[in-house]
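Chemist: predicted model, plus sequence, below.
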Amino acid sequence: MLQQADSKLLAPPPPIGVRRHALFLDLDGTLVDFAAHPEQVIASEELRLLLANLSREMNGAIALITGRTIASADAVLNGALIHVAGIHGAERRVLGAPSVNASISAALEHARALIANGALQVDVEDKGLALAFHYRRKPEFADATRRAAAEIAHRHGLSVLEGKMVVELTLGQQTKADAVRDFMAAPPFADREPIAVGDDITDEDAFGAVAALGGQSVLVGAPRETIARFRLADTQSVFDWLKSGLAS
Ligand SMILES: O=P(O)(O)OC[C@H]1O[C@H](O[C@H]2O[C@H](CO)[C@@H](O)[C@H](O)[C@H]2O)[C@H](O)[C@@H](O)[C@@H]1O
């Protein structure tokens, strides 16, 4: 069992070794700042170039592991990274995972009925293999959203995942840890030391997986309970750390 560290005391991570490390990066809250709606987020050209250049220097050993779909992540980064796992580990570009699921479709219909009668007031993101109920534009509906999500999940045999101003319904089968392990089993990741970087609770799964493989983790954002060994304050600090890796 991993010890939880006090993230107030966590130091910034050591420099990236382009020939030694493999990087597993989260997207929202780690590489890009939050916006009112997921589709409003677009990475800067500077960030896209940095990721593409760093990936080249690292022989491709950078993967994005995001809660978004791969298509949504590609739109944000304009395809700057080839290796992407989507929907918190449920979607892989290489595995050609199915993009729809009957339980999720039924849950979507259920959610639409609740929205139509005013019982649910959220922006719904349909990811095919998961649903996200975003209440960032109406934070006063946080508790009502949690209750509705629990009801829908129970009815359709789904799992509930809490994120930042979002409650997600998932199949509960794969996590970011599975994505890390799968990437690390093959080139160009295998034989490198993994570093996972993320801000959200679902990133703790990736942190646990890299720890088990002898790697390190970096919490992004305000101090909170975490198993990460290192911390960076915000997306700008992540950008600066990645950029210094490129210069190494
Ligand atoms: O694992 P991540 O890459 O961090 O993805 C987590 C979720 O990110 C997105 O939602 C979050 O960002 C939105 C855009 O800034 C914001 O409006 C929302 O409140 C955040 O929760 C994405 O839409 C979700 O699908 C991801 O699961």
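Modeler: Nice, I can see it.

Chemist: look up phi and psi at residue 118.
Modeler: The phi and psi values for residue 118, taken as degrees, to the nearest 10, are phi 80, psi 0.

Chemist: number of residues surrounding it?
Modeler: Other residues lying near residue 118 total 7 when counted by other Cβ atoms under 10 Å. No exception for glycine: its C-beta is placed from N, CA and C like everyone else's.

Chemist: how about residue 14?
Modeler: Counted with other Cβ under 10 Å, residue 14 comes out at 12.

Chemist: residue contacts, it?
Modeler: By Cβ atoms under 8 Å, 6 or more residues apart in numbering, the residues touching residue 14 are residue 230.

Chemist: and it, which of the three is it?
Modeler: coil (DSSP: H, G, I helix; E, B strand; the rest coil).

Chemist: can you give me the strands for the chain?
Modeler: With strands called from DSSP state E, the chain shows them at 5-6, 21-25, 62-65, 83-86, 91-92, 123-126, 130-134, 159-163, 166-170, 193-198, 216-220, 225-226, 230-232.

Chemist: how about the fourth one and the ligand, touching?
Modeler: No - interface with the ligand: strand 83-86 contributes nothing (Cβ under 6 Å from any ligand atom), its closest point being 8.9 Å away.

Chemist: what helices or strands is that strand leaning on?
Modeler: strand 62-65, helix 70-77, strand 91-92, helix 176-184 (3 or more Cβ pairs under 8 Å, 6 or more residues apart in numbering; DSSP states H and E).

Chemist: contacts for that strand?
Modeler: 60, 62-74, 91-93, 127, 176, 179, 182-183.

Chemist: what are the bridge partners for the closest residue to residue 112 other than its chain neighbours, then?
Modeler: Computed as Cβ to Cβ, 6 or more residues apart in numbering, the closest residue to residue 112 that is not its neighbour in sequence is residue 124, at 7.7 Å. Under DSSP bridges, the beta-bridge partners of residue 124 are residue 133.

Chemist: is residue 124 in contact with residue 113, as I believe?
Modeler: No - contact criterion Cβ atoms under 8 Å: residue 124 and residue 113 do not qualify, at 11.9 Å.

Chemist: one step back: restricting to the contacts of strand 83-86, which residues neighbour the ligand?
Modeler: Among these, the residues lying close to the ligand (Cβ under 6 Å from any ligand atom) are 66-68.

Chemist: including distance to residue 235 and neighbour count, could the residues you listed go into JSON lines?
Modeler: Formatted as JSON lines, those follow (distance: Cβ to Cβ, whole Å; neighbours: other Cβ atoms under 10 Å):
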{"residue": "66", "distance to residue 235": "14", "neighbour count": "30"}
{"residue": "67", "distance to residue 235": "16", "neighbour count": "31"}
{"residue": "68", "distance to residue 235": "16", "neighbour count": "24"}
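
Chemist: please name the residues that touch the residue in the chain positioned nearest to the ligand.
Modeler: Relative to the ligand, the nearest point of the chain is residue 67 (2.3 Å; Cβ to the nearest ligand atom). Residues near residue 67 by Cβ under 8 Å, 6+ apart: 27-28, 86-88, 132, 163, 168, 200, 202.

Chemist: and residue 37, how many neighbours does it have?
Modeler: Count around residue 37 with other Cβ under 10 Å applied: 11.

Chemist: give the buried residues for stretch 230-248.
Modeler: 230-232, 235, 237-239, 241-242, 245-246 (16 or more other Cβ atoms under 10 Å).

Chemist: and that stretch, is it in reach of the ligand?
Modeler: No - for a cut-off given as Cβ under 6 Å from any ligand atom, stretch 230-248 has no contacts with the ligand; the smallest distance is 10.8 Å.

Chemist: the ligand contacts on the protein?
Modeler: Residues of the chain lying near the ligand by Cβ under 6 Å from any ligand atom: 26-29, 34-35, 37-38, 41, 66-68, 125, 132, 134, 136, 163-166, 168, 200, 202.

Chemist: filter those residues to the buried ones?
Modeler: Buried members of the residues of the chain next to the ligand, counted by 16+ other Cβ under 10 Å: 26-29, 38, 41, 66-68, 125, 132, 134, 136, 163, 165-166, 168, 200, 202.
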